[in-house]
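A.B. asks: Model the structure of this input:
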Amino acid sequence: MKKKHIIVIIPLIFIILVGILLYILNNTDVSTSKTIKVDLYTIPAIDKVFVNGVITPENSKNIFLDSTKGSVNKIFVTNGQLIKKGDTLFVYKNDQITDQIDQLNKQIEDSNNQKKQLNDNLVATKKLLAKQQEETSNQRIQAGIENNAAISISQTLGLETQISSYQNQIDNIQNQIKSYKDQIRTLKEKEFTSVISSIDGKILLNDLEKDQTKPFIVIESNTFYIKGIVNEKDQPKIKENQSADILIFSTNKTLTGKVKSIGNRPTIAEASTQASVGGSSNNISYYEVAISLDSQENIINGFHVQATVYLTEGGIKIPRSAIIENAGKKYVFKVVEKKLVMQEITYDESNSNDVIVRSGLKENDSIAASAKDVKEGMSVE
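C.D. replies: As a prediction, the model looks like this:
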């Protein structure tokens, strides 16, 4: 009996072992079929320089009060108001000039009173002269006496002299009044002085009662740039128009921009700041770098940033053969955890076999060098 049982069990064990072996071989073939040799392209590291900086208005105007122009008479703007170039900000009034104008107006009033009195005297004297000339004429006709005529002529000459004197005085007073009015006209141009904005921007209005050493008004432009610094080792590497990615620390958002200008004189104050933030700066000079922003959206004045300036021209390049199109969008097969995943990208068109990627990939990313005969989910080694 035992021999019969053994004879029956042995074939069963053999069948089970064969089944297990076939299952293992079958799974091994499936796994092997999913792992296909794919040529990969790894994006090389790009030479770059890091620039620490602050978001700063492109233009700013500080307006201090000028006591020689008087005191503030009227303010036409409010704190936070957006204004245009040419808008009136406020008006000075010079009280000393106002007093001078009042004095001149009083002198004009006095002169007009004098002129009126002289005019009255002139009119009366002219009437007297006319009457006397009429009487003299009548006497000549009636009596024909030469002596009386001589006396009348003498009296007439005296009145004419008096009339001439009155007229000269009136003319002198009139000239003086004209001079007073000219002075008033000149003074009125200085009595009120309007302060006009020279730029578009936002108003920052200070409280004069609290601190008169600060600007009365600060105007900050509505467009911003990155005011950064770079050390003397990196300063020669940076060139104008080089592309930059800009990380805003507080929001963790990234902007894009371009190098606008590089300073060639050391910035001592900024170097001190850099030393306090990043360690000692002994024997190292720092230089200002201005970076323009491609977009002004969601920009807040004063936020600190770090700009990554790419020194290699052209940016990230990949072979055109790696790109596929799906529903009007461009993709590559990116390696993620040893599997191919479709990654959307944007790039600049060119006539060469390579394209410059603007978004979707970064340095050290690996992608399928050719999109032909590969699919999402394929394993790569």
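A.B. asks: After the one helix or strand Glu109 maps to, which helix or strand is next? Please name it.
C.D. replies: When elements are assigned from DSSP states H and E, Glu109 belongs to helix 95-142. For helix 95-142, the succeeding helix or strand toward the C-terminus, using DSSP H and E, is helix 146-191.
A.B. asks: How about the residue nearest the centre of the chain: what's its closest non-neighbour residue?
C.D. replies: Nearest to the geometric centre of the chain sits Ser221, at 2.7 Å (C-alpha atoms, centre = their mean). Nearest residue to Ser221, sequence neighbours excluded (C-beta to C-beta, 6 or more residues apart in numbering): Asn59, at 4.0 Å. C-beta coordinates here come from the backbone N, C-alpha and C atoms, glycine included.
A.B. asks: could you point out where the chain is predicted with low confidence?
C.D. replies: Counting by pLDDT under 70, the ranges of the chain that qualify are 1-15, 17-36, 139-155, 208-211, 268-282, 314.
A.B. asks: Could you list the buried residues of stretch 229-236?
C.D. replies: 229-231, 234-235 (16 or more other C-beta atoms under 10 Å).
A.B. asks: Isn't Pro57 up against Asn301?
C.D. replies: Yes - if you go by C-beta atoms under 8 Å, Pro57 and Asn301 touch, sitting 6.2 Å apart.
A.B. asks: neighbour count winner among these two?
C.D. replies: Pro57 (21 against 13; other C-beta atoms under 10 Å).
A.B. asks: Report the strand of this structure that spans the greatest number of residues.
C.D. replies: In the chain, taking DSSP state E as the definition, the longest strand is strand 253-266.
A.B. asks: what's the spacing between the helix holding Glu109 and its chain's center?
C.D. replies: Relative to its parent chain, helix 95-142 has a centroid offset of 65 Å by C-alpha atoms, centre = their mean, to the nearest Å.
A.B. asks: And for stretch 176-193?
C.D. replies: Distance, centroid of stretch 176-193 to centroid of chain: 40 Å (C-alpha atoms, centre = their mean).
A.B. asks: try stretch 65-77
C.D. replies: Worked out by C-alpha atoms, centre = their mean, stretch 65-77 lies 25 Å from the chain centre.
A.B. asks: can you pull out the helices in the stretch 251-381 of the chain?
C.D. replies: Taking DSSP state H, counting those that start in this stretch, the helices of the stretch 251-381 of the chain run over residues 268-278.
A.B. asks: Show me where it has its strands.
C.D. replies: 253-266, 286-293, 304-310, 316-319, 324-326, 329-336, 339-348, 354-359, 366-368 (DSSP state E, counting those that start in this stretch).
A.B. asks: Outside of the second one itself, list whatever touches it.
C.D. replies: Identification of contacts with strand 286-293 by C-beta atoms under 8 Å, 6 or more residues apart in numbering yields 51, 53, 224-232, 235, 238, 244, 246, 255-267, 270-271, 274, 299, 307, 309.
A.B. asks: Could you verify my assumption that Lys237 touches Ile262?
C.D. replies: No - Lys237 is beyond contact range of Ile262, at 9.8 Å (criterion: C-beta under 8 Å).
A.B. asks: And those two? Which one has more around it.
C.D. replies: Set Lys237 next to Ile262 and count neighbours by other C-beta under 10 Å: Ile262 wins out with 18 against 14.
A.B. asks: Let's see stretch 250-268 as CSV, backbone CA atoms only.
C.D. replies: What follows is stretch 250-268, C-alpha atoms only, in CSV (Å, rounded to 0.1, in the frame of the first residue of the first chain):
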residue,chain,number,x,y,z
SER,A,250,7.7,84.8,0.7
THR,A,251,5.4,83.3,-1.8
ASN,A,252,7.6,80.6,-3.3
LYS,A,253,6.6,81.7,-6.8
THR,A,254,8.9,81.9,-9.7
LEU,A,255,9.1,84.8,-12.2
THR,A,256,11.2,85.2,-15.3
GLY,A,257,13.3,88.1,-16.5
LYS,A,258,16.5,89.3,-18.1
VAL,A,259,19.6,91.0,-16.9
LYS,A,260,19.2,94.7,-17.6
SER,A,261,22.4,96.2,-16.4
ILE,A,262,25.5,95.3,-14.3
GLY,A,263,27.3,97.9,-12.1
ASN,A,264,31.0,98.4,-12.3
ARG,A,265,31.5,100.2,-9.0
PRO,A,266,31.4,98.4,-5.6
THR,A,267,28.3,98.9,-3.6
ILE,A,268,29.5,99.1,0.0
